[in-house]
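Visitor: sequence and predicted structure, then a few things I'm wondering about:
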Amino acid sequence: MELDKELLEILACPVCKGPLRKDESSLVCTSCRLRYPIRDGIPVLLADEAEQTDKE
């Protein structure tokens, strides 16, 4: 299931309020690099569920 483009534009990282980008099966904050899972088409934007990604 694809996330709605308009929804993705208004979502923000709950930790740093940075913008999110869609990854394969998650949303990644472009500021603090936290990765939030998408389960059954629903983004789980909880700090406890986030994983730190490697710096690019």
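Guide: Received the coordinates, thanks. Every value quoted in this text rests on a predicted model; they were computed, and no experiment measured them.
Visitor: contact partners for residue 3?
Guide: Contacts for residue 3 (C-beta atoms under 8 Å, 6 or more residues apart in numbering) come out as 22, 38, 41, 43. All C-beta spots, glycine's among them, are computed from the backbone N, C-alpha and C.
Visitor: just give the nearest non-adjacent residue to the last one, would you?
Guide: Nearest non-adjacent residue to residue 43, counting by C-beta to C-beta, 6 or more residues apart in numbering: residue 27, 5.4 Å away.
Visitor: count of residues packed around that neighbour?
Guide: Neighbourhood size, residue 27 [other C-beta atoms under 10 Å]: 22.
Visitor: from memory it sits against residue 45, does it?
Guide: Yes. Between residue 27 and residue 45 there is a contact under C-beta atoms under 8 Å: 7.5 Å.
Visitor: find the nearest non-adjacent residue to residue 34, please.
Guide: Using C-beta to C-beta, 6+ apart, the nearest residue to residue 34 is residue 50, at 4.1 Å.
Visitor: can you give me the neighbour number for that neighbour?
Guide: Neighbours of residue 50 (other C-beta under 10 Å): 22.
Visitor: ok, it to residue 5 distance?
Guide: With distances taken as C-beta to C-beta, to the nearest Å, residue 50 is found 22 Å from residue 5.
Visitor: tell me where this protein has strands.
Guide: Using DSSP state E, the strands of the chain run over residues 20-22, 26-29, 34-39, 42-43, 51-52.
Visitor: how about these, which one is nearest residue 10?
Guide: Minimum separation from residue 10 across the strands of the chain (C-beta to C-beta) falls at strand 20-22, 9.9 Å.
Visitor: thanks a lot, see you next time.
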